[in-house]
Each structure stands twice: as C-alpha cells, then as structure tokens.
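Peer 1: have a look at this fold, sequence not included:
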C-alpha cells in the first residue's frame, strides 16, 4: 500500500457517499447487454440499490431512454440486429446529457466486433470498461490472437493504451485486472480490491460495468471518481464474499449478498484506491 | 388478519391440493419469456414439480403448443420479431382450450410495449399478472412515467384498475405487491405471503407468473383460486427462505429450495389469503 | 458394480488426467447455445478450468472459430435465424479438424426442430449428447409425443438407438439418464455417477454437453473416453454437492463449487464407469 491514510480515507468516504446515493435514489439503468450476463447484471444492480431495465428494442428507445438515469451497453453476444438499438440509445443518451457506459467484450476477437466497438466508442461513452486485451485492441484498433472473452494481458500492461484511448475518445477508461486501473488520460488510479476467483464467475466484468453506470448516474460530473468507487465497492463485496465461499458459485452468491449489506465502516476500512504515476 | 380460521384453512387445503397435483402431474408449461428471467423461471417450475419448455420459434408452435398443459407469455425484453410467436401460441392455446397467462412487464414504459400488451390482452389470457403500475397502464391503456420494470404504485392502489381490467378482458387479474391482489372483476382476495426482499431479486415476478400457469394448468376451471394459491405458495417459499437468507442472492437460492421442499403442514399453517371488499 | 477394480481404476486415472489437462490448458470453447443455459454453461466451463465464449454471430465465425479448441452447439431455444451460424461454425470446425459437440435438445418436439437437428447431425459432430427421448427421435428421425425438454425414456431404453445413430453418423453418442450411456457404435459404457435431483435444475444437461466439449478439446483422439470422463466428473460434482444441498438451488451451487474443487483422490475413488454388453 503506497497511499497515505488520508488519501485512502478520502476515497473511502467518497465511495460510501456514492453507494449511499445509489441506494437512496435507486437510479434506473437501461442495460443493452449480452444474454449471458443479464441475470447477474440485473441482480448486481438490485443488490446495490439501483433499478435495472433490460430494454433493447429499437422501437422503445425514444419513449424509454429519456426516463433512465444512465445507459449500459455491452457487446458480449453481439449480432448485427442489436447494433442499431445500441447506437440509437447511446446517441439519445448523449443528446439528453445522460451518462452511458460501454463494455467492449472481446473487442479484438473479430473484425465485425472490433468495428462495432469502434463505432460505439465514437459515440462518446462517459466510461469504457474492459480487460487489458480489450482496451489494447480498442486503442490499437486491431484484431489479435484471443482468449475469447478472457484477457491475455495484465491490466497494468494496458495503462499506456488506456491513457491513449482516454485522450482519443474523451471517455474515462477502466481496465479490470488484479489491480483495476482508471484513467481520464491524465490522472491514473489503481483500485486494489477484489479477489482472483471472481474471474471464474461468468459476467462479473459485465456486472461491474453496470455498477459503474449506476455510480456515474448519481454523480455524472465526477465520472472518474464514480468509476473508481464502483470498481472498489464491487471488489470489496467479492473480498467479503470470499471469506464465506467454497468455490465460484458460492462466491457469486455471497458477493451479491455482501454488496447488498455493505456498511459504512466496512467501506471506509476496505476501499483501497491509490494514485499511480 | 381479518379472515376467519375456517376460511384460511379452506385456502390452505386448496393450495396444498393444487401444489400436490403439480408435483404429481408435472404439467408441461411453454414459456415465451424474456432473456433475464429464463433461468429463474425454469428453475421455479422445476422446483415446484412442473416441466418448463422455453420454446418461442413461430415454426414450432403448431407442433409443440398442442402438447403443453399451459402457456406463459412475458414481454420483458420484447422486440417485434418475438411478438408473432407470442400471439400465435396464445391463439392456438385458446383454440385448444388450454389456459394461458400473460405477464405485461413494464406495460406503460413505451407506446410499442403498451400496444403489444393490449393486443395480447385481446387474445383472452386466462390470467394477467403484473405489478400495480403495469395493471394501471393496461387498464387506462396509457403510457406513463416509469420506474422501468419496477412499480411506482402499491398493489392496493390498483384494485379498481384490476377489477375494470378483469371485467373488460374476461381474464383473472393478479397484482403483485406487499399484498398480492387477485380479482375476477367481482371477487377480490389478498394473498398476504412473501417478503419485501424478493423485489431485490430479478425475475421473481416473472417466475411467479409461470407458477400461476402451472397451477392453472392443473385446475383450469378454478383459475381464480389457482392464481391465489400460486401467489401464496411462492410467497411462503420466500418467507421460509428469508429465515435462512443473508441477502437477495441467498434468498433466491433458499426460496427455490423451500419451494421444492414445502410440506403439507407448512402450507396449511402459512397460507394467508383473505377476502377483500 | 460389475466392473473389476482394475477397470475402474483405469477410468478414474484417465478422468483425472483429462480434468487436470482442462485445468492446465484452459481450452477456449465456443458455445452457440440456448438462452436458458448460457449462465450455467459458462459457469460450468469456468469451474472446470475451461474458457467459455458465447459467440453466435454468423459474421464472426470466420475470425473467431479458428481460435477455439472446440465448439458446442445446442438447439434449446432454436429459431431459424440462429441455424446458419450453427451450421457455419460446425462446418468450419470440421474443416479445421476441431472437435464439435451437438446437444439436440427436444429433437422430437417439432418437425422444424427435428429437421434442424438432422442437418446438424449430417455435419459430423464428434459427439452427440442427449436424453433418451432425443436420441431415439434422432435415430428414428421422427417427431413424437413429447415431455418438452425432459425425457420420457430411460437412457437404457435408448442403447440400441444410440448404437444405430453412432454407426449412421460416425459420432460418439452419449445418452444421459440414471446411468449415462456412451457408445461409438460398438463399445458401450455406462457412467454411473450423478444424482436424480440434477434433473430438477435447468440446463444441467446442456452444461454437461459443454463439459464434454472441453474434455474432447484436450483429447480429441480419444473422444469416446473423454466423453465418458466428462459425464462421470460432472456426476461426481453432483454427488458431492448433494451431500450439502437442501434442494435444487443449493445443489446447483454446490455442484459448481465441487467441480471447481475436485481433487485426485476423490476422482479416483468415485469414478464409476463400466463396460456394458
């Protein structure tokens, strides 16, 4: 731990204030996401106090998107019939000044997917959260050897790619890994919460992206800080869950229960966010 | 509790008889439902002893729907390519004298969704189950301010809307909430089982609608009573689950385990259904 | 138990070697599967040490499928827009010498579904895994009375159908049931692990098919043995899970935890695979 106690207390107090606001205001988060993640993503948002709505029909966006507090777009099981709704919802969110968050799942796994992700990046998401391989693929705009949806890069390998992408896109970039990295192109912080076994549960990455959307929804002018808080809070829920877990499936359950039950003292004590050079 | 012991014993005995019949006959329930709910809905039906089948291709309905005991249609993640199969299956179910149940998720959230729901209501579902906001939207046939899929109305605020809708549609109407309301347009009962935390688990509403379909499947001539029983039984499973739960995710697990294990004494003791004015 | 201790030890050692290889090499398994099963299938593969990727867009197959170690195709929620991608991925897998596994869910439930399954069988899957009713439907190429996705036949009733189908298709055939049957058209073995309550959890059948894909991925020249091992390993995880379970939902959790934690001594002691006449 290289951060001073003061700094950590600052982040902890901020994360607690943001989580409390999510619980009080219960922001409505529209999720256009992949089929694998829908259950865990909705339950993550509910456990955090937010209100999820999986609405992806192009015909509903003009009526529905104006009522939401944030939008989460995830390309995990992308087909071309879903892309117009993703773009339409993102464009409307931007026009209405609502934050939206992009999860570029497996961005480098095919030309089709990479092009779709780059089009979405061009629609100015507030935040882009991916793993190291995804952020590097977006930054280089290249298709590469792939481990599917899993990363073949450490998040720390992706710091420069993340900074470039942040500068080029104007988005906050978050890179998940052993340390979660968040950058706005200048500032870089590392959120050092979470446990390795979370990678053995499908859709944890997708779900933390939705949690980022909920945190940014209640504090859109501080998207950088809200992103770091959401990553740390989700990681803490995993840490506490891990104390009770006997494997990935019980960790999944205890993580959600812990997210629901997180109290102020625990958040203040455990948030571990540090400045990185 | 305003009901007499006799009345409660009557409902309890009836609910137990219906649950026992579901377990013995294992009715095949075709579910055309949203992506978020499929896992929990299928597991709810299996835990209750029924046999779920998520079959939504228009091409299969002529072969498949004649073999089912009931149909459950849920518009949660509606797109226009799914609507023809929903309508075709509902029409065939009605023609064959099979019960079908409608879950008008977020009916008032967009014009597209409201029109689709009203078309489905016109196909004479045996039962419509929604939350207060959904039933009010259907009854008024209006799009309104929305909390997405969550209700901004108490179920008890929706009693008059439910009675009107029952009279207009010929369907049994169920309204979920702190008290679950069931009406056929004249009679009104309140099923007072369940716990508040069930609203923090995605797809519990969708799943209880499927359970209603299973109960109505085995007792189609008493759809009013079967609907109240199913709501009460699901609520009891939640109550028992809550005794063991530490949060929404463990409640989800214990609810299903409890539904699977419910015994006669527990059902008779806990069913809490009362007549309402 | 009719097998000799030596024989059982042989199967146990082989199953352990294959599970260990899955954990070490973490094969990338492309799953084109139904909506109900995606969560449990992905989590099953992750708990076993494999890397799942739910990728089903026709546009991605040329870029993506060459990078995977095996393909799993499951027709559970089939519509005609999904079939071209299933066929294209299967054809490419065969052309590249990669194993692929077919799960013909509810094959006999409609003419549409049966034709689709027979077309897929014609693309020479390495393994076909179904329940008794599905394998009989494929073998007879006939639509019949259906219990939806559940079997109305015991696996042992389907042995002759399985042998015929293996001979006609060139695929290994696995039939799930109280005893899981595996045949290459000549040899027949029975994998006698697992517990009955697994049938009360949706998508366990789909998920063991994906596990078969992972095992065949690391030992494609021994697809017969790898299939039997995967069935046995999944069954053992269920047996251990059952010791802790209070119902189907907790069994689901404990099964995945147990799969993740399985050790050599347990596998050697519990694998129960016998030769059948």
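Peer 2: Sure thing, it's come through. Remember, it's a predicted structure, so these values are computed and weren't measured experimentally.

Peer 1: which stretches of the stretch 101-250 of chain A form strands?
Peer 2: Secondary structure of the stretch 101-250 of chain A, counting by DSSP state E, counting those that start in this stretch: strands at A:127-131, A:172-176, A:180-183, A:188-191.

Peer 1: which of the ones you listed sits closest to residue C:84?
Peer 2: Closest to residue C:84 of these is strand A:127-131 (C-beta to C-beta; 29.0 Å). In short, each C-beta sits where N, CA and C put it, glycine included.

Peer 1: and the angle for that closest one with strand A:172-176?
Peer 2: 20 degrees (axes from the mean of the first three to the mean of the last three C-alpha atoms, to 10 degrees).

Peer 1: contact residues of chain A facing chain B?
Peer 2: Neighbours of chain B within chain A, by C-beta under 8 Å from any C-beta of the partner chain: A:26, A:28, A:30, A:35, A:38-39, A:42-43, A:46-47, A:51-60, A:62-64, A:67-68, A:252-261.

Peer 1: among those residues, which ones are buried?
Peer 2: The neighbour-count test (16 or more other C-beta atoms under 10 Å in any protein chain shown) marks A:26, A:28, A:30, A:35, A:38-39, A:42-43, A:46-47, A:51-60, A:63-64, A:67-68, A:252-260 as buried among these.

Peer 1: before we move on, back to that, redo the strands of the stretch 101-250 of chain A as a markdown table? Include mean pLDDT and mean neighbour count.
Peer 2: As requested, the strands of the stretch 101-250 of chain A are exported to a markdown table (pLDDT from 0 to 100; neighbours: other C-beta atoms under 10 Å in any protein chain shown):
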| stretch | mean pLDDT | mean neighbour count |
| --- | --- | --- |
| strand A:127-131 | 97 | 29 |
| strand A:172-176 | 97 | 29 |
| strand A:180-183 | 98 | 27 |
| strand A:188-191 | 98 | 24 |
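
Peer 1: so which of those strands comes closest to residue A:14?
Peer 2: Within those, the stretch nearest residue A:14 is strand A:188-191; the backing value is 11.6 Å (C-beta to C-beta).

Peer 1: next one: phi and psi at the closest residue to chain B within chain A?
Peer 2: Relative to chain B, the nearest point of chain A is residue A:257 (2.9 Å; C-beta to the nearest C-beta). As for residue A:257, its main-chain torsions (degrees, to the nearest 10) stand at phi -60, psi -40.

Peer 1: which one is it nearest to, not counting chain neighbours?
Peer 2: Nearest non-adjacent residue to residue A:257, counting by C-beta to C-beta, 6 or more residues apart in numbering or on different chains: residue B:247, 2.9 Å away.

Peer 1: so the one you found makes contact with residue A:262?
Peer 2: No: if you go by C-beta atoms under 8 Å, residue B:247 and residue A:262 don't touch, sitting 10.0 Å apart.

Peer 1: format the strands of the stretch 101-250 of chain A as JSON lines; extra columns: distance to chain C.
Peer 2: Listed next are the strands of the stretch 101-250 of chain A as JSON lines, based on distance: least, C-beta to the nearest C-beta, whole Å:
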{"stretch": "strand A:127-131", "distance to chain C": "13"}
{"stretch": "strand A:172-176", "distance to chain C": "16"}
{"stretch": "strand A:180-183", "distance to chain C": "20"}
{"stretch": "strand A:188-191", "distance to chain C": "23"}
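
Peer 1: which residues of chain A fall in helices?
Peer 2: Remark: helices assigned in chain A by DSSP state H are A:5-25, A:38-48, A:61-64, A:83-95, A:111-121, A:132-140, A:159-169, A:204-218, A:223-244, A:248-261, A:264-270.

Peer 1: any stretches of chain A with poor pLDDT?
Peer 2: Along chain A, the parts satisfying pLDDT under 70 run over A:1-9, A:144-147.

Peer 1: in it, what residue comes closest to chain C?
Peer 2: In chain A, the residue found nearest to chain C is residue A:247; the distance is 2.8 Å by C-beta to the nearest C-beta.

Peer 1: was I right to think that residue contacts residue C:46?
Peer 2: No: Residue A:247 lies out of contact with residue C:46 (C-beta under 8 Å); the separation is 10.5 Å.

Peer 1: so which residues on the stretch 101-250 of chain A come close to chain C?
Peer 2: So the stretch 101-250 of chain A meets chain C at A:106, A:109-113, A:143, A:145-150, A:199-203, A:245-250 (C-beta under 8 Å from any C-beta).

Peer 1: about what we covered before: the strands of the stretch 101-250 of chain A: which one's closest to residue B:220?
Peer 2: Closest to residue B:220 of the strands of the stretch 101-250 of chain A is strand A:127-131 (C-beta to C-beta; 49.1 Å).

Peer 1: contacts for that closest one?
Peer 2: Outside strand A:127-131, the residues that touch it by C-beta atoms under 8 Å, 6 or more residues apart in numbering or on different chains are A:99, A:101-105, A:107, A:121, A:135, A:138, A:150-151, A:153, A:155, A:165, A:169, A:171-177, A:205, A:208-209, A:212-213, A:216, A:223, A:227.
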